[in-house]
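Engineer: this is the structure alone, sequence omitted:
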């Protein structure tokens, strides 16, 4: 195992845990500050919007910075601001801290992926991207359930502090394993222009945003939905997050193992269809707890496999533009989170938590259509074993 890829994967685990941990603690945070769940959900929206703006901005500003300094520094910022969140005296202060915490996420995840072409050969890039992004899936299976359990027993502030400690430790590890003087191609006006004119890339990015919105329409409010509709909270909710995350890891591992044999575009279509099926069948969750668990796990299989395959599509469509295209794609993930959180809040307020899945399903259908269009436009897969295949 390449220690550089493993450390970047663990870095994504920390980033993913910090980004998603609020979802599992939403009930606790809302209760602590005397808020409704829809109001507390603004923590997800503000983090996502800040990362959405920050990812392309820091891709430009940071493209001339040594990768070791940039990636380790972003984790250190993440650590310091999670520590500040643990001591936030009010919801307004916490909201402000979450906004600036997004700087770490805006830099690390896209720039870690953009660094991979400098570390691995072209025939291994698909697997490398999927492996490094596996950290996000592991965050859902370990970080988020653990954070949810700690929040329900010791308080949400302890969960925030724990993320801070782990982020600081991984920052040191990144500094130690990455080589010095590692630089990507500078990202300037010409690079952004090339990406924005590249139609398959922009369609991939659009599909990512819509898929993310579909996922977070329901996922942002999964804790209050599980409590109010299915009577699940506390330790049982942690187990639900564990099941979801385990299936997310399984889906990501399956996608990674096939990334260099079939096209990532086809993997995306299968993953999107899996998530859509879970949302369409969600009414069956009311029949029995076993049905709820199975549908939740099915949803997990598709959710994280989509993101890793989308990153691989962009690297293989245009490796020389990866720093820009992946940062734009990461931006679209967080824009989707913000849009999904707002859509979910509207549905929660108007129709109640039992209707959230229909909003997710509608957005998943649109994502499938857009992704299929990107697939049809094509792009050659450099490591295909069979006849030339489509990378997009």
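Structural biologist: It's in. Everything numeric here is computed off the predicted structure, so don't read it as measured data.

Engineer: look at residue 352 and say how many residues are nearby.
Structural biologist: Neighbours of residue 352 under the rule other C-beta atoms under 10 Å: 12. C-beta coordinates here come from the backbone N, C-alpha and C atoms, glycine included.

Engineer: list the contacts for it?
Structural biologist: The contact partners of residue 352, by C-beta atoms under 8 Å, 6 or more residues apart in numbering, come to none.

Engineer: show me what counts as buried in the helix or strand harbouring residue 5.
Structural biologist: According to DSSP states H and E, residue 5 maps onto helix 3-33. Neighbour counts using 16 or more other C-beta atoms under 10 Å place 4-5, 7-30, 32 of helix 3-33 among the buried residues.

Engineer: which SSE is immediately downstream of that helix?
Structural biologist: For helix 3-33, the following helix or strand on the C-terminal side (DSSP H and E) is helix 37-40.

Engineer: which elements pack onto that next one?
Structural biologist: Helices and strands touching helix 37-40, by 3 or more C-beta pairs under 8 Å, 6 or more residues apart in numbering; DSSP states H and E, are helix 3-33, helix 322-350.

Engineer: how about a markdown table for those helices, with mean pLDDT and distance to residue 143 added?
Structural biologist: Shown next, in a markdown table, are the helices and strands packed on helix 37-40 (pLDDT from 0 to 100; distance: least, C-beta to C-beta, whole Å):
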| stretch | mean pLDDT | distance to residue 143 |
| --- | --- | --- |
| helix 3-33 | 89 | 3 |
| helix 322-350 | 84 | 17 |
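
Engineer: re the thing from before, centre of the chain versus the helix holding residue 5, how much separation?
Structural biologist: 10 Å (C-alpha atoms, centre = their mean, to the nearest Å).

Engineer: residue 42 and residue 96 touch, don't they?
Structural biologist: No. When contacts are counted by C-beta atoms under 8 Å, residue 42 is not listed as touching residue 96 (11.4 Å).

Engineer: rewinding a little: using TSV, lay out the helices and strands packed on helix 37-40 together with distance to residue 151.
Structural biologist: Formatted as TSV, those follow (distance: least, C-beta to C-beta, whole Å):
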stretch	distance to residue 151
helix 3-33	4
helix 322-350	19
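
Engineer: and of those, who's closest to residue 131?
Structural biologist: helix 3-33 (5.9 Å; C-beta to C-beta).

Engineer: the closest one vs helix 322-350, what angle?
Structural biologist: 20 degrees (axes from the mean of the first three to the mean of the last three C-alpha atoms, to 10 degrees).

Engineer: residue 343 and residue 22: what is the separation?
Structural biologist: 17 Å (C-beta to C-beta, to the nearest Å).

Engineer: actually, residue 140.
Structural biologist: Residue 140 is 13 Å from residue 22, by C-beta to C-beta.

Engineer: again, but for residue 315
Structural biologist: 29 Å.

Engineer: now residue 138, what's its secondary structure?
Structural biologist: Put simply, residue 138 is helix when judged by DSSP: H, G, I helix; E, B strand; the rest coil.

Engineer: who's in contact with it?
Structural biologist: Contacts of residue 138 (C-beta under 8 Å, 6+ apart): 9, 13, 16, 245, 249.

Engineer: nearest to residue 171, out of these: which one, please.
Structural biologist: So of the contacts of residue 138, ranked by how close each gets to residue 171 (C-beta to C-beta), first place is residue 13, at 13.1 Å.

Engineer: gap between that closest one and residue 234?
Structural biologist: Applying C-beta to C-beta to residue 13 and residue 234 gives a distance of 24 Å.

Engineer: could you give me the average pLDDT of stretch 357-365?
Structural biologist: Stretch 357-365 shows a mean pLDDT of 95.

Engineer: how far out from the middle of the chain is that stretch?
Structural biologist: In terms of C-alpha atoms, centre = their mean, the centre of stretch 357-365 is found 18 Å from the chain centre.

Engineer: quick check: closest non-adjacent residue to residue 211.
Structural biologist: The shortest distance from residue 211 to any non-neighbouring residue, by C-beta to C-beta, 6 or more residues apart in numbering, is to residue 367 (4.1 Å).

Engineer: comparing residue 42 and residue 96, which residue is more hemmed in?
Structural biologist: residue 42 (18 against 15).

Engineer: pull up the gap between that one and residue 242, please.
Structural biologist: Going from residue 42 to residue 242 by C-beta to C-beta gives 26 Å.

Engineer: quick one: low-confidence ranges for the protein?
Structural biologist: For the chain, the stretches with pLDDT under 70 are 63, 126, 184, 259-261, 378-392.

Engineer: appreciated, that's everything.
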